[in-house]
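In: Next one to model:
(chains A and B)
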Amino acid sequence: DAGVIQSPRHEVTEMGQEVTLRCKPISGHNSLFWYRQTMMRGLELLIYFNNNVPIDDSGMPEDRFSAKMPNASFSTLKIQPSEPRDSAVYFCASSLTSGGESEQFFGPGTRLTVL
Amino acid sequence: GDSVTQMEGPVTLSEEAFLTINCTYTATGYPSLFWYVQYPGEGLQLLLKATKADDKGSNKGFEATYRKETTSFHLEKGSVQVSDSAVYFCALKTLGRLYFGRGTQLTVWP
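Out: Predicted coordinates for the structure are as follows:
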């Protein structure tokens, strides 16, 4: 299995631009998670989906952030407009279910730099 | 709320030294507990887990025991290797969500 695939691996953009991060979960996994990692705040859950439906988006910082999962094999995280404080590494993870014993598999992350 | 506190790093050890990274948690209910490892430039990988009190998770020489009475899940390894150098995250899972500690950077010198 290829594991969780994220693209791009690196993104440099200017303040005010729209940024779209992409994720392909492991085939057969029903839960998908978006995390943000920064030095200041550590690793934070932004949003997660079960069976393509958003379950908990309480970690999404503000209205500039949006996430979609149009089908079981693809999800996007969009930031519009982007700001320098959005600079971070964004991870996507997937698991068979969201249950307690179900392991989350992480992608390699997208390093976002907003100038 | 649910949270995890782990010892601040960085931790620097010589090869074959004993490792302990402390982790305590606060949670309602009965969470599952995890240790994840992150190598430079990579995503997190599950190292070990425990799903109920007194369970011991183990993998690659690392161990951690779920202690409900002390709300702890300390990571230990008897003899570290240079290849163990990485960032280690303690985490708890409840109601489908993972809550991570801040991470502990471990560097092992030959």
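In: Tell me who's in contact with residue 95.
Out: Because you didn't say which chain, this covers chain A. By C-beta atoms under 8 Å, 6 or more residues apart in numbering or on different chains, the contact list for A:S95 reads A:29-31, A:33, A:102-105. Where C-beta positions appear, they are placed from N, C-alpha and C, glycine not excepted.
In: that's the wrong chain, I wanted chain B
Out: B:G29.
In: Looking at the contacts of A:S95, which are in strands?
Out: A:31, A:33, A:105 (DSSP state E).
In: contacts with chain B among those residues, please.
Out: Residues of the ones in strands among the contacts of A:S95 in contact with chain B (C-beta under 8 Å from any C-beta of the partner chain): A:31, A:33, A:105.
In: any idea how far A:H29 is from the nearest residue to A:N30 once chain neighbours are set aside?
Out: Nearest residue to A:N30 in three dimensions, chain neighbours excluded: A:N51, at 5.4 Å (C-beta to C-beta, 6 or more residues apart in numbering or on different chains). Distance, A:N51 to A:H29, using C-beta to C-beta, to the nearest Å: 10 Å.
In: Surely A:Y35 is within a helix?
Out: No: A:Y35 is assigned strand when assessed by DSSP: H, G, I helix; E, B strand; the rest coil, not a helix.
In: where does chain B come near chain A, residue by residue?
Out: Residues of chain B found near chain A, taking C-beta under 8 Å from any C-beta as the criterion, are B:31-32, B:41-46, B:49, B:51, B:89, B:93-94, B:96-103.
In: Which of those are buried, as a ChimeraX select command?
Out: If you want just the buried ones from the residues of chain B next to chain A in ChimeraX, going by 16 or more other C-beta atoms under 10 Å in any protein chain shown, the selection is:
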select /B:31,32,43,44,46,49,89,93,94,96,97,98,99,100,101,102,103
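In: Which of the residues of chain B next to chain A fall within strands?
Out: Those of the residues of chain B next to chain A lying in strands (DSSP E): B:32, B:44-46, B:49, B:89, B:93-94, B:97-100.
In: Specify the beta-bridge partners of residue 37.
Out: Reading this off chain A. Beta-bridge pairing for A:Q37 (DSSP bridges): A:L43, A:V89.
In: ah, I was thinking of chain B
Out: Taking DSSP bridges as the rule, B:V37 bridges to B:Q45, B:Y88.
In: Run through the residues that contact it.
Out: B:44-45, B:47, B:86-89.
In: one more time with 6 Å
Out: B:45, B:47, B:86, B:88 (C-beta atoms under 6 Å, 6 or more residues apart in numbering or on different chains).
In: isn't the third one right next to B:Y39, touching?
Out: Just to be clear, that refers to B:A86. Yes: proximity of B:A86 to B:Y39 meets the contact threshold set by C-beta atoms under 6 Å, at 4.9 Å.
In: With neighbour numbers in mind, choose between these two.
Out: B:A86 (21 against 13; other C-beta atoms under 10 Å in any protein chain shown).
In: Could you check how far the more buried one is from B:E42?
Out: For B:A86, the distance to B:E42 equals 9 Å [C-beta to C-beta].
In: Is stretch A:4-19 positioned near chain B?
Out: No: taking C-beta under 6 Å from any C-beta of the partner chain as the criterion, stretch A:4-19 and chain B are apart, separated by no less than 7.4 Å.
In: Show me the contact partners of that stretch.
Out: So stretch A:4-19 is contacted by A:22-26, A:79-84, A:92, A:94, A:105, A:107, A:110-115 (C-beta under 6 Å, 6+ apart).
In: If anything else comes up later, I'll come back, but that's it for now.
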